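1. this one's structure only:
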């Protein structure tokens, strides 16, 4: 497939899986809709929430982690996998209590590296009071895997009365981002390409439940929460707009991007609005509570740089629009596929 | 690593992961004990049950499936992954109600094949009244995966008062196997080697909960249940003996092996007692209930060939002994590693 980011509709007759199918962009959505949901869909799965809620308010989420390289500034595939799981549950106001992990190891993978990753998992679990209650290990022949893949399923009880949902954003709501964006994706990218950067870009990977818990404990009227992962801020805003049937306008000048991240993005011709974080979320908050939300976030280490970046409005077709730095507007569509594969 | 099945202790200082580490044999146990449990262990995980039971009798299990080839007589990686999950929960008397699936796809994998597998998952879920409530799809570059890997986490409520456990086998108990053994492993092996066999060997892959439910609904005193997967009957008996601190004696002549399976095993020099099934279990039953158990099993399609193969006895060191066909006895030790990698 060509490296074409045009907005023409993807060819859904592609007969083979491409990297774009795992990117979080339109190809991913098509594969999920046409292959997975058409066969396996049901009223719970079809909602495409970060975590599903089943009987007795049990929230459940699963993610496979295939990040390359497996070690990066700020974390590794082990901590990333635990943080990602915590965050998916947190986006529904649930605290991860238990996890199950499936490890797929490639023949030849160094046991010392495995032990480092296991240690990261241990620390992330301890810091967040999570118990591993089920695990499995498989080994595949050399050249049919890539060191280590980790699939985590996490679950825990919803802890609050307010249960944010991707479907609940409504006209007039305020869009808040919890910090600077695009750091995780560019931290990975910098390693792969071995650029001579003046300083290291560190991943933002973090467990977001403590901040979410702080906000929901104060009954902040958060309608929607979503962590910014594959596809970045722009893609996640599109997911929310579509699921809630609203439009969203953001002001690009309000979106915080670290200067090293911005420089690398410019060097590579990558739009930071489409680059993944692993420790940031979008909160869509009732206008009446936006000040309360921001002030609580600013007091918390995970939200010191939180800011309002836009608002939700009603329109015929759900869309995401950005006011640009030079005063114009541009449509932030979902990309056909992500610019950066295998960042998580 | 050499292809050495001797019973000397494995070199636990191996610095890299080998296929044997995923086989279910001693190398696997060592990796689990030394790398995983030493860091991540806790009172639940350390029990190494087929499924863990947490608050409110919720049983949870996870397994990654990397079987090669992905299609085989009797099933495919999709149905196998659902059956495997159902079976792990069933071994604690729990019915799988919900599953979460992580799919790792290799770039270039045919979407038509993906759709076949998804359809198998759908059918297996429908037949067993299971809902997929969370899923994730990742794509890895060509040559860093192998078509498709599936990690399933399943959970559901324990349904009965009797909760079998790998730790509950006791002196005097009777050992029952639910059918013929070694069919799944040899079905996979036959495909890989493309032998000119007179007839096809069909995998025994099946969802075992209906039979377990029948037995536990009649309050059959089942102390231990374990499905016979990696490492086969002999390995699973060793796991039970060790966890329950008992010894087990079986009569080899009582163990049913299909004639085609037996022939292929002989051709390859493989001991069927160490070959995986995917639709058979071992039930360790109170002597007083063994007749009831057998008669219920014989009436059920999943247990028509069930038979008593041995008994549990007390000894200083847990061990598994077989009375051989020629009247002698042999020690059935755990292999260093499995004879057949990637059968599930």
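-> Yep, it's here. Keep in mind that what you see is a predicted model, and the values were worked out from it rather than measured.
2. who touches the residue nearest to residue A:159 when sequence neighbours are not counted in this structure?
-> Beyond its immediate neighbours in the sequence, the residue positioned closest to residue A:159 (C-beta to C-beta, 6 or more residues apart in numbering or on different chains) is residue A:95, lying 5.4 Å away. The way it works is simple: take the backbone N, C-alpha and C, and place the C-beta from them, glycine included. Taking C-beta atoms under 8 Å, 6 or more residues apart in numbering or on different chains as the contact definition, residue A:95 lies against A:89, A:156, A:157, A:159, A:209, A:213.
3. Could you report the distance from the third one to residue A:225?
-> Just to be clear, that refers to residue A:157. Residue A:157 sits 17 Å away from residue A:225, taking C-beta to C-beta, to the nearest Å as the criterion.
4. Compare the contacts of residue A:95 and tell me which has the most neighbours.
-> With neighbours taken as other C-beta atoms under 10 Å in any protein chain shown, the top of the contacts of residue A:95 is residue A:89, carrying 29 neighbours.
5. Now do the helix or strand encompassing that one: which elements does it pack against?
-> Element membership of residue A:89, judged by DSSP states H and E, is helix A:77-90. Secondary structure elements in contact with helix A:77-90, counted by 3 or more C-beta pairs under 8 Å, 6 or more residues apart in numbering or on different chains; DSSP states H and E, are strand A:58-65, strand A:98-106, helix A:111-127, strand A:148-157, helix A:209-217, strand A:222-227.
6. On the three-state scheme, the nearest residue to residue A:195 once chain neighbours are set aside is what?
-> Excluding the flanking residues, the one nearest residue A:195 by C-beta to C-beta, 6+ apart is residue A:264, at 6.7 Å. Secondary structure, DSSP: H, G, I helix; E, B strand; the rest coil: residue A:264 is helix.
7. residues touching residue A:264, list them.
-> The contact partners of residue A:264, by C-beta under 8 Å, 6+ apart, come to A:186, A:189, A:190, A:195, A:197, A:201, A:270.
8. Residue A:309 now?
-> Contact criterion C-beta under 8 Å, 6+ apart gives A:175, A:176, A:177, A:250, A:251, A:254, A:255 as the residues in contact with residue A:309.
9. Most widely separated two among those residues?
-> Between any two of these, the greatest separation by C-beta to C-beta is 12.5 Å, found for A:176 and A:251.
10. Same drill for those two, tell me which one is more crowded.
-> residue A:176 (23 against 16).
11. helix/strand/coil for the more buried one?
-> strand.
12. quick one: it from residue A:287, how far?
-> Applying C-beta to C-beta, one obtains 11 Å for the distance of residue A:176 from residue A:287.
13. same thing with residue A:88?
-> Going from residue A:88 to residue A:287 by C-beta to C-beta gives 27 Å.
14. Compare those two and say which one has the larger neighbour count.
-> When residue A:88 is set against residue A:287 and neighbours are counted by other C-beta under 10 Å, the residue ahead is residue A:88, at 28 against 14.
15. So that one sits against residue A:227, correct?
-> Yes: under the contact definition of C-beta atoms under 8 Å, residue A:88 touches residue A:227, with a separation of 7.0 Å.
16. Pretty sure residue A:135 sits in a strand.
-> Yes: according to three-state DSSP, residue A:135 belongs to a strand.
17. The residue nearest to it when sequence neighbours are not counted bridge partners, please.
-> With C-beta to C-beta, 6+ apart as the measure, residue A:101 is the residue that lies nearest to residue A:135, at 4.8 Å, once sequence neighbours are left out. Counting by DSSP bridges, residue A:101 is bridged to residue A:135, residue A:152.
18. can you check residue A:59 too?
-> Under the criterion DSSP bridges, residue A:59 forms beta bridges with residue A:53, residue A:156.
19. That one: neighbour count?
-> By the measure other C-beta under 10 Å, the count of residues near residue A:59 is 28.
20. Residue A:201 too?
-> Other residues within reach of residue A:201 by the criterion other C-beta under 10 Å amount to 25.
21. surely it meets residue A:185?
-> No: taking contacts as C-beta under 8 Å, residue A:201 lies outside contact range of residue A:185: 9.5 Å.
22. one step back: check contacts around the residue nearest to residue A:135.
-> With contact taken as C-beta under 8 Å, 6+ apart, residue A:101 is in contact with A:81, A:121, A:132, A:134, A:135, A:136, A:150, A:151, A:152, A:153, B:62.
23. now these as TSV including neighbour count, distance to residue A:114 and pLDDT?
-> Written out in TSV, the entries for the contacts of residue A:101 read as follows (neighbours: other C-beta atoms under 10 Å in any protein chain shown; distance: C-beta to C-beta, whole Å; pLDDT from 0 to 100):
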residue	neighbour count	distance to residue A:114	pLDDT
A:81	30	13	98
A:121	28	11	98
A:132	24	15	96
A:134	26	18	96
A:135	24	13	96
A:136	23	14	96
A:150	27	11	98
A:151	31	16	98
A:152	33	16	98
A:153	28	20	98
B:62	30	18	97
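24. ok, those vs residue A:41, which is closest?
-> Minimum distance to residue A:41 across the contacts of residue A:101 is 19.0 Å, recorded for residue A:153 (C-beta to C-beta).
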